[in-house]
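> model the structure of this input:
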Amino acid sequence: MKNGPVTSTLQTMADVWDAYREELEGVEDQVRKNLDSKVTLVNTVAAHLLSGGGKRIRPLLVLLCARLCGHTDKDHLVLASLIELIHTATLLHDDVVDEADLRRGRRTAGKVWGNQVSILVGDYLYSKAICQTVVFQNQAINEVLSEACHKMAEGEVLQLDYNGNPLITESEYLRIVEYKTASLIAASCRIGAIIGGAQIDKQAALFRFGQHIGIAFQLADDTLDYAANGDRLGKSLGQDLRQGKATLPLLHLLQHCPDQDKQMIKDRMETRTLTEADLLRIISLMQEYGSISYTMDRASEFVVAANLDLASFEDSSPKRALSVVADYMVNRDR
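The predicted structure is shown next:
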């Protein structure tokens, strides 16, 4: 495993995945070992989602932060795999809440086995991860992971509470993002720091790093619903608006577009109806008023903040890799 000084070759996510391939393969092995329920359907449903792809960003962050803080053993592979189980549980629940048909280009578990099965398997993965985390007998890790889980649940409820509401402010939306998306990413970073024996200030710096890149990730993701290649995205465009979600590009547009268009958008949000003509009109307006650019600029600001969080750490391969991951959050394939 390449874990030496910073080199000019560690410049892209492909470089990072290659440098840490052995450890990531170890995480995958642990994930497979975790699917050991005596109920076959539990393993089948979980495997369906886990085998559908995904970048394993959260486990990677555990690995990188642990290495950054001097950890040399391999026990962090188990914890990294448990973080991925929790993330998988959230995806199962999200797809039920969103009534989603596709996840990463494949039918969601809810569409294959039904919502009841999806919810219960998600519950199983949550409880399995927490039970196995407790085995480490590390109170700091338990507290960080418990906090992340309850914040994710609060974030989901907040988002539902604001659904269909075009009057949500940017700060209110960022709070949802911080809870719903960034909390587990931040926890992944802090857990890596805890494993590495980092001092409290270093743990806090990496936690902030995770928060910042988590928010950047979601803001960049917000734009995909209006600016991505639908086939590559693996879902239809305009899904957020069809579900009544006012993400940042839409919030920006509502502040700048003419009243007539503003009323049209509010009507579509409230009624959860959206024609292709409506969507094309909204995308055109976003281009005209710079809503996508604004959102990506805000995402980039969080990446800048994330890199500042790394300033107190000495140069190393893990530090360079974390910087590459931060940049990837806003510059990944669209």
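
> what mean pLDDT does stretch 134-148 have?
Confidence for stretch 134-148, expressed as mean pLDDT, is 96.

> make residue 1 into 56 and carry on from there
Got it, the first residue is 56 from now on, which makes the last one we talked about stretch 189-203.

> from the chain's centroid, how far away is that stretch?
20 Å (C-alpha atoms, centre = their mean, to the nearest Å).

> repeat for stretch 170-178
On C-alpha atoms, centre = their mean, the centre of stretch 170-178 falls 20 Å from that of its chain.

> list the buried ones in that stretch?
Of the residues in stretch 170-178, 170, 172-177 count as buried by neighbour count, 16 or more other C-beta atoms under 10 Å. (C-beta placed from N, C-alpha, C; glycine too.)

> return the set of buried residues in stretch 199-207.
Under 16+ other C-beta under 10 Å, the buried positions of stretch 199-207 are 199-200, 203-204, 206-207.

> do I have it right that A184 meets A135?
No: judged on C-beta atoms under 8 Å, A184 makes no contact with A135 at a distance of 11.2 Å.

> tell me which of the two has more neighbours.
Using other C-beta atoms under 10 Å as the criterion, A184 and A135 rank with A135 on top: 27 against 23.

> check the gap between N218 and L292 for me.
19 Å (C-beta to C-beta, to the nearest Å).

> give me the more crowded residue out of the two.
Neighbour totals were compared for N218 and L292, and L292 leads with 20 against 16 (other C-beta under 10 Å).

> the more buried one against L329, yeah?
No: look at L292 against L329 with C-beta under 8 Å: they stay out of range, at 10.0 Å.

> that older thread, how about the buried residues of stretch 170-178 in CSV, adding pLDDT and secondary structure?
As requested, those are exported to CSV (pLDDT from 0 to 100; DSSP: H, G, I helix; E, B strand; the rest coil):
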residue, pLDDT, secondary structure
N170, 97, helix
V172, 97, helix
S173, 96, helix
I174, 97, helix
L175, 97, helix
V176, 96, helix
G177, 96, helix
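
> check the secondary structure at I337 for me.
Assigned with DSSP: H, G, I helix; E, B strand; the rest coil, I337 falls in the helix class.

> distance-wise, check it relative to S348.
Following C-beta to C-beta, the distance that separates I337 from S348 is 15 Å.

> who's more crowded, the two?
Neighbours per residue, other C-beta under 10 Å: of I337 and S348, the larger number sits with I337, 23 against 15.

> got the contact list for that one?
I337 makes contacts with 281, 293, 296, 305, 308, 320, as judged by C-beta atoms under 8 Å, 6 or more residues apart in numbering.

> what is the most widely separated pair among these?
Farthest pair in the contacts of I337 (C-beta to C-beta) is G293 and L308. Separation: 13.3 Å.

> turn the buried residues of stretch 170-178 into JSON lines, including distance to N89.
Shown next, in JSON lines, are the buried residues of stretch 170-178 (distance: C-beta to C-beta, whole Å):
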{"residue": "N170", "distance to N89": "23"}
{"residue": "V172", "distance to N89": "18"}
{"residue": "S173", "distance to N89": "18"}
{"residue": "I174", "distance to N89": "19"}
{"residue": "L175", "distance to N89": "17"}
{"residue": "V176", "distance to N89": "13"}
{"residue": "G177", "distance to N89": "14"}
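
> just give me the closest of those residues to E139.
Out of the buried residues of stretch 170-178, the member with the shortest distance to E139 (by C-beta to C-beta) is G177, at 13.4 Å.

> ok, the closest one touching H148?
Yes: with contact defined as C-beta under 8 Å, G177 and H148 form a contacting pair (4.7 Å).

> thinking again about what came up before, G293 and L308 - which one has more neighbours?
For G293 versus L308, neighbours defined as other C-beta under 10 Å are more numerous around L308 (25 against 20).

> just the C-alpha atoms of stretch 215-235, please, in PDB.
Provided in PDB are the C-alpha atoms of stretch 215-235 (Å, rounded to 0.1, in the frame of the first residue of the first chain):
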ATOM      1  CA  LEU A 215     -40.000  16.100   4.800                       C
ATOM      2  CA  ASP A 216     -41.200  19.000   7.000                       C
ATOM      3  CA  TYR A 217     -40.000  21.400   4.300                       C
ATOM      4  CA  ASN A 218     -41.200  19.400   1.300                       C
ATOM      5  CA  GLY A 219     -43.400  21.500  -1.000                       C
ATOM      6  CA  ASN A 220     -42.300  24.700   0.800                       C
ATOM      7  CA  PRO A 221     -40.800  27.200  -1.600                       C
ATOM      8  CA  LEU A 222     -40.100  29.700   1.200                       C
ATOM      9  CA  ILE A 223     -37.300  27.700   2.800                       C
ATOM     10  CA  THR A 224     -34.100  29.800   3.200                       C
ATOM     11  CA  GLU A 225     -30.600  28.800   2.100                       C
ATOM     12  CA  SER A 226     -29.500  28.600   5.800                       C
ATOM     13  CA  GLU A 227     -32.400  26.200   6.600                       C
ATOM     14  CA  TYR A 228     -31.500  24.100   3.500                       C
ATOM     15  CA  LEU A 229     -27.800  23.900   4.500                       C
ATOM     16  CA  ARG A 230     -28.900  22.700   8.000                       C
ATOM     17  CA  ILE A 231     -30.800  19.800   6.300                       C
ATOM     18  CA  VAL A 232     -27.700  19.000   4.300                       C
ATOM     19  CA  GLU A 233     -25.400  19.200   7.300                       C
ATOM     20  CA  TYR A 234     -27.600  16.700   9.200                       C
ATOM     21  CA  LYS A 235     -28.800  14.400   6.400                       C
END
